[in-house]
Structure formats: structure tokens, C-alpha cells
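The amino acid sequence is not available; the structure is as follows:
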């Protein structure tokens, strides 16, 4: 296993503390064509053939690449359906390299939820709502994979069910900015837009009260990356020789994960909060195929 530098604990803590700025940078890189917000058009250059790692709508005027979920549905719902090695390979590659680090650091909609949760008000823990975390796997299998491929129209094309009926990012990044500058688009908005707007508002309100409800309960991209957490090269490891079982890492985790018991848990978004609060530097980001923490103990004793 390769540790992130000689001073891995310091580097890990700096990474965790810089997360907000990294999220800003990732969002800007995913939406670099900002002038399109004022033009009312969508960037359609060659970059749109490349997927970005996070949930970022293709229809966003500034989007520099394609959303992997939207791209996958476009292929699955095509009348000339064929297995997409590129999109599937991209998702597997990112998942193996980073796992849900994408959710914690690189996803624009994850960042939006983080910002909303900072709004002052009552905050409610989601620990008693853990069964809802399985809903996103049903969303992944049902609306992203099966429905677009199996439920088709007369010409053999399926709807992108998740993007069309569920995903609030399309309204936030696409419909609202375009409608704001284009009277024609405003006039064409109908009942589907109203329903999707209600989804966006609901997610927004819940994000103020709960931490990242969409990521925890609905997002199919988070579901896929969560499955890859156990094999991802980047992870958080526990030095069993240093850990004093104080419980601070579990207390600070807003994804309801006890990192000392399950460092590769599918709900861990690698946000680094546990790393920054550990009083004995027992937690650190590491890069390499997973260990159970014993390897780190041996390395500290050398």
C-alpha cells in the first residue's frame, strides 16, 4: 500500500480541510463555459463526448462534459441499444480509483447540498433512517438500467427515466438558467418541469434539515461508487496501534459511518471529517488496495 507522502497524517488533514475549495474547483471545471449562462445556449463542443465523474447535467449551459448517468441512459434507451464499453469502463475506472471520494469532493450537486446544510436551523440525524440508503440501489437498477432498456416506444426507444422524472440537477443547472434568459423556453415549460421543480425544492428543503439526503437515499451514481468503495485505491485507513477508541470519528460523521469498524463502508464519501478530528492521528488517506488496518500498524512500528 502506498501512503500519501511521508507526512501522511498532515497531508490527509490538509486535504480534509481544503474540501470546500476542492469542491468549488471541481464544480467550475465541470461547468467551465460560464458565458453560456448569459447566451442561453448549451456548449456542444467535443468535450461533451467525455464524461465528468460527478452528477452534472448535460443540459447545463456551462457543462464541459457529459453526466455519466445521462450518457448511460442515452445508450440504454437507444433504438440501436448496445453495451457501452466506454461509459461502463469510465464508471468502473473512476470507481476503482476513487470510490465515493467523487461524492465528497468532485460532485457539483453534492456541493450544493453541503451549502444548503450550512443554512442555520434545526438539523436532524439520519441514523434512524439507514434503511432508506438502499433506495438508491433500486433507483440505479430500475430507472437507470432496466426501464430505459425494457420499456420502449413504437420505434424502440426508451425514456431516460432517472434524468427525465427524478434528477433535480437537470432543473437546477439546465431548465432554470435557460428559462431565465430565453422567453421561448419559458413558454414551453409544462407539467413535467413543474414536477421536477417540486423534486428540486423538496431536496433543497430536506438538505437544510438532513445532511445530503439525495446522496444518501436517491443518487444512482452514489450507489455505483458506493459499491466500488471496497475495492477503490483511495480510501481511509485506521492505524490500530494509535486508535484509542474515543468515538470522535463516528460522532462527527454525517454519513452515519463508524470508520474504525468499516473503513470501506459504501456510505463513506471520504470527506475527511474523521481524519481532521482524530486526536491521535490514527486516520489517514491511503492509496492502494485495502488492508484491515494491521498493515498500517506494522508500518508505524518499522
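Looks like it arrived, so ask away. This one's a predicted model, so the numbers in the text were calculated from it and none came from an experiment. Numbering: from 1, shown residues only.

low-confidence ranges in the stretch 1-150 of the chain?
1-8, 76-84 (pLDDT under 70).

where exactly do the helices run in it?
8-17, 19-30, 36-39, 68-76, 85-98, 101, 108-117, 135-139, 147-150 (DSSP state H, counting those that start in this stretch).

now do the stretch 201-302 of the chain
Under DSSP H, counting those that start in this stretch, the stretch 201-302 of the chain gives helices at 213-217, 220-228, 248-252, 273-277, 294-301.

follow-up on the earlier one: most tightly packed of the helices of the stretch 1-150 of the chain?
helix 101 (a mean of 27; mean count of other C-beta atoms under 10 Å). All C-beta atoms are positioned from the backbone trio N, CA, C, and that covers glycine.

Centroid-nearest residue for this structure?
The centroid of the chain falls nearest to residue 103 when counting by C-alpha atoms, centre = their mean (3.0 Å).

for it, what are its contacts?
By C-beta atoms under 8 Å, 6 or more residues apart in numbering, the residues touching residue 103 are 54, 110, 215, 219, 221, 222, 225, 269, 270.

Try it again at 7 Å.
Residue 103 makes contact with 110, 215, 222, 225, 269, according to C-beta atoms under 7 Å, 6 or more residues apart in numbering.

what's the answer for residue 255, then?
267, 268, 269.

Nearest spatial neighbour of the first one, chain-adjacent residues omitted?
Okay, so that is residue 267. residue 255 (4.8 Å; C-beta to C-beta, 6 or more residues apart in numbering).

ok, now the last one?
Excluding its sequence neighbours, the residue lying closest to residue 269 (C-beta to C-beta, 6+ apart) is residue 104, at 3.5 Å.

how much space between that neighbour and residue 278?
For residue 104, the distance to residue 278 equals 17 Å [C-beta to C-beta, to the nearest Å].
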